[in-house]
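[1] Any chance you could fold what I've pasted below:
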Amino acid sequence: MILINGGPGHCASMVVDREGRPRRKRSEGKATWPGCKQVYRRSGAHGRAELARLPGSLRALEDADPYPVETAPALRALADQIDAYT
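    So this is what the prediction gives:
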């Protein structure tokens, strides 16, 4: 269940955990990482200060440089563990 501001959100949801055990989807082109996620967004002065620290090429809304994103080794290990059991 996805919650926005403490209530249900208007978006798609999926099972990421059942009875305390992480789950994942492995369909080709639709695979997901296992377990619950949390997204943090900052606004106000603190959020603007963090945005100002980014290089200008990453602050652009159009023609922005790719932002490097890495998957944590622990998350990869959890996915491998789940895949081994299913």
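[2] What score does the residue most central in space within the chain have for pLDDT?
    Of all residues in the chain, the one closest to the mean position by C-alpha atoms, centre = their mean is residue 37, 5.9 Å from it. The predicted local confidence for residue 37 comes out at a pLDDT of 76.
[3] now the closest residue to residue 59 other than its chain neighbours: how far from residue 35?
    Spatially, and ignoring its direct neighbours in sequence, residue 59 is nearest to residue 51 (6.3 Å; C-beta to C-beta, 6 or more residues apart in numbering). C-beta: built from backbone N, CA, C; applies to glycine. Computed as C-beta to C-beta, to the nearest Å, the residue 51 to residue 35 distance reads 28 Å.
[4] now residue 43
    From residue 43 to residue 35 the distance is 26 Å (C-beta to C-beta).
[5] okay, those two: which has more neighbours?
    Neighbour count, other C-beta atoms under 10 Å: between residue 43 and residue 35, residue 35 has more, with 15 against 7.
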